[in-house]
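Visitor: Kindly return the folded structure for what I paste below:
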Amino acid sequence: MRDAENQGQVVSQARSAGNGLARAGNGLARPPAGRHHPGGRYKWVALSNTTLSMTMATIDASIVIISLPAIFRGIGLDPLDPRNVSYLLWMIMGYLLVTAVLVVSLGRLGDMYGRVRIYNLGYVVFTLASIALSLDPYTGPSGALWLIGFRMVQAFGGSMLMANSAAILTDAFPARQRGMALGINQIAGISGQFVGLLLGGLLAAVDWRLVFWVNVPIGIFGTVWSYRSLREISTSRRAKIDWPGNVTFALGAGILLMSITYGIQPHGGHPTGWTNPWVLGGLVLGALLLITFGLLEMKTPEPMFRMRLFKIRAFAAGNAASLLGSIARGGLQFMLVIWLAGIWLPLHGYPFEVTPLWAGIYMLPLTAGFLLAGPVSGYLSDRFGPRPFATAGLLVAACAFVGLMLLPVNFPYWAFALIIAFNGIGSGLFASPNTSAIMSSVPARHRGVASGMRSTFQNSGMSLSIGIFFSLMIAGLAATLPRTLSAGLHAQGVPLGVATRVSHLPPVSTVFAALLGFNPVQHLLAHSGVLARLPRHNVAVLTGNQFFPHLISGPFHHGLIIVFTAAALMSAVGALVSLLRGGQFYYEDGPASAGPPAPPPATQNGQANGQPSAVPAGRSAPPLPRDTGVT
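Guide: Purely as a prediction, here's the structure:
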């Protein structure tokens, strides 16, 4: 009874101040005194511009995957040569790694110096880097290093856009429309990853430089539009840059993700690099630096990231669920491309050279599921709360992963399309409400860094997923592929010594060959000279569309079971975490004051007025006179 009376006093104080609480039942809130959403036309301008930028940034994260064969041919480099595997991996992973590491710092800078200012600069950096990529003057390793370097610069610009777009939308839209707006923005970003697969195949077929030129007109248009149309709504709060926090986080996250990237590569006769002392040392060092970062941030007066935000259950649970969902989903597109390009499409008569493009086309139901479910779930979550939709989305995704496990390798396409469409629907159901719940749960002056942290969890999850999925797949192949491949090659006349040596090459080469649209058997036997000595019939069988898919289908399916089991478990655990987030909850406070925060008045039960724990689920937190009490 005592707690109930105290809680009632808190709510009564908030109402008497004229700030208003959310109406129970539908979760809608009246804007508090002093909070003026721009509304009208501006919020739709902000939504359309940030959606364009998010789509552009995420398309570029995946467009290179399908274009890699054309890019490496253009610079005269064999991507499957063991000496060039590092270039191949960094072309794929470098962009994701930079965005995962930098978005928190750039979100914090947005809080300090203006979110729109940092966001607009992101457009400029991204566009200039795209021009530099298109003009690569070198060939060979130098050309690859040029592309990798400017891909990282491009990722720096993309990080500015990602870190601040959600915060700009949260400022522009009232709480009753926030889920819908962030849902459209989030789904545009996620679907951009799959649109990039299709677009990369189409453009690379004409000229590999078009893969980068396509960003230039979009970037110029977006830059001019954002500088002319977007404006600062929240009041920035200048503070000293937290250099110890920025450095420890960047080094910790960077070393950890680089170690995972190198863990995919073979080492010392092992199929992966997880026995490499440098990889293991990097994992330990990265984890220690991140722990140090957390300890520093709790003691720094003006931290890069306020760790106490994790005391807000909606924020902590939303980010944890986002990380788990991203790990489950992040490596999916790679597994599906390998499955389609390396096995299913060749079995159905498609030459290996065109399979990456057609893999992107056949994966369109996944994108359609995202586009269908995202805005709808965002709109409904504004009315009924994010928890049921976010939780159901991860459960649907878990069921879809189980469905993929049950499919035969040579599946009927309608069943495959239906399952991946449900996977997309599940991810769409989750992404929009979860993003809205995270961004609405924090005080206005912390929205930039909160948006950066949300993006970090999402992008880190994707990098972790690629490392985990590839490692599990390669480990599964290493257990069964050598024996199967050796027997199959020897049966077609390949000398036993050559067949044995080829079959014990690292499976990563076979996997990347299928991913990039090379004929894996032709590539494996190219340097042995065996194909020139075998009868024509045997050569036709070995290099045809049927031999490799039939040969690898058993070992590959074994690897798929391992990968999709892990993804289903991750999604199920993420659903449980999402369920624990509590009811609908959001701050609806005014822009942060430029001065130092005032201490929150204490209530009779000792809790700070405005703290999340003092307000029932389904209501908004009463704002403080100058700050929110989260320091």
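Visitor: any idea how far the residue located most distally from the centre of the chain is from residue 432?
Guide: Distance from the centre of the chain peaks at residue 535, with 48.3 Å (CA atoms, centre = their mean). Distance, residue 535 to residue 432, using CB to CB, to the nearest Å: 59 Å. Bear in mind the C-beta positions are built from the backbone N, C-alpha and C, glycine included.
Visitor: what's the answer for residue 458, then?
Guide: For residue 458, the distance to residue 432 - CB to CB - is 13 Å.
Visitor: ditto for residue 148
Guide: Counting by CB to CB, the gap from residue 148 to residue 432 is 33 Å.
Visitor: more neighbours, those two?
Guide: residue 432 (35 against 17; other CB atoms under 10 Å).
Visitor: Let's see the pLDDT reported for that one.
Guide: pLDDT for residue 432: 80.
Visitor: so which strand or helix has it?
Guide: Assigned by DSSP states H and E, residue 432 belongs to helix 413-440.
Visitor: same check, this time on residue 550
Guide: helix 547-579.
Visitor: mind listing what's buried in that helix?
Guide: Neighbour counts over helix 547-579 (16 or more other CB atoms under 10 Å) mark 547-549, 551-553, 555-557, 559-560, 562-564, 566-568, 570-575, 577-579 as buried.
Visitor: remind me which residues of the stretch 1-150 of the chain are low pLDDT?
Guide: 1-39, 80, 82 (pLDDT under 70).
Visitor: should've said the chain
Guide: Scanning the chain for pLDDT under 70 picks out 1-39, 80, 82, 190, 234-239, 514, 583-631.
Visitor: again, only using 50
Guide: Residue ranges of the chain with pLDDT under 50: 1-36, 589-631.
Visitor: And the residue nearest the centre of it?
Guide: Residue closest to the mean C-alpha point of the chain, counted by CA atoms, centre = their mean, is residue 459 at 3.8 Å.
Visitor: and it, which of the three is it?
Guide: helix (DSSP: H, G, I helix; E, B strand; the rest coil).
Visitor: Near the closest residue to it other than its chain neighbours, how many residues? Count them for me, please.
Guide: The spatially closest residue to residue 459, leaving aside those adjacent along the chain, is residue 100, at 3.8 Å (CB to CB, 6 or more residues apart in numbering). Residue 100 is flanked by 26 other residues according to other CB under 10 Å.
Visitor: picking that back up, which residues are in contact with the residue nearest to the centre of the chain?
Guide: 96, 99-100, 103, 162, 326 (CB atoms under 8 Å, 6 or more residues apart in numbering).
Visitor: Show me the helices in the stretch 201-350 of the chain, by range?
Guide: Listed in chain order, the helices of the stretch 201-350 of the chain (DSSP state H, counting those that start in this stretch) span 210-213, 215-229, 243-263, 277-299, 313-330, 332-339, 345-347.
Visitor: which is the next helix or strand following the last one?
Guide: Beyond helix 345-347 in the direction of the C-terminus, DSSP H and E gives the next helix or strand as helix 355-362.
Visitor: can you list contacts of that next one?
Guide: With CB under 8 Å, 6+ apart as the test, helix 355-362 has contacts from 65-66, 69, 194, 197-198, 200-202, 205, 336-337, 340-342, 345-346, 350, 413, 416-417, 515-517.
Visitor: next one: stretch 269-284
Guide: 255-256, 258-260, 262-268, 471, 474-475, 477-478, 506-508.
Visitor: Return the set of buried residues in it.
Guide: 271-274, 276, 279, 282-283.
Visitor: circling back to that earlier point, out of the contacts of residue 459, the closest to residue 486 would be?
Guide: Distance to residue 486 across the contacts of residue 459 (CB to CB) is lowest for residue 96, with 35.4 Å.
Visitor: quick one: the residue nearest to the centre of the chain from residue 452, how far?
Guide: Distance from residue 459 to residue 452, counting by CB to CB: 10 Å.
Visitor: any residues in contact with both of these two?
Guide: With CB under 8 Å, 6+ apart as the test, residue 459 and residue 452 both reach 103, 162.
Visitor: Quick check: residue 397 vs residue 439, distance?
Guide: For residue 397, the distance to residue 439 - CB to CB - is 22 Å.
Visitor: Show me which of the two is the more surrounded one.
Guide: residue 397 (31 against 26).
Visitor: What residue, apart from its backbone neighbours, is nearest that one spatially?
Guide: Closest residue in space to residue 397, ignoring its immediate chain neighbours: residue 426 at 3.4 Å, by CB to CB, 6+ apart.
Visitor: again, but for residue 129
Guide: residue 154 (3.7 Å).
Visitor: show me what contacts that neighbour?
Guide: Here residue 154 is in contact with 60, 95, 125-126, 129-130, 133 (CB under 8 Å, 6+ apart).
Visitor: 10 Å - rerun?
Guide: Residue 154 makes contacts with 57, 60-61, 94-95, 98-99, 125-130, 132-133, 147, 212, 215, 219, as judged by CB atoms under 10 Å, 6 or more residues apart in numbering.
Visitor: So what angle separates the directions of the helix or strand residue 121 falls within and helix 215-229?
Guide: Counting by DSSP H and E, the element that carries residue 121 is helix 115-134. If you take axes from the mean of the first three to the mean of the last three CA atoms, to 10 degrees, helix 115-134 sits at 160 degrees to helix 215-229.
Visitor: Who are the packing partners of helix 115-134?
Guide: Applying 3 or more CB pairs under 10 Å, 6 or more residues apart in numbering; DSSP states H and E, we find helix 115-134 packed against helix 40-74, helix 85-113, helix 140-172, helix 210-213, helix 215-229, helix 447-491.
Visitor: Quick check: which of those is nearest to residue 366?
Guide: Across the helices and strands packed on helix 115-134, residue 366 has its closest neighbour in helix 40-74 (12.3 Å, CB to CB).
Visitor: Distance from the closest one to the middle of the chain?
Guide: 13 Å (CA atoms, centre = their mean, to the nearest Å).
Visitor: quick one, that helix and helix 215-229 angle?
Guide: Using the same axes, to 10 degrees, helix 40-74 lies at 160 degrees relative to helix 215-229.
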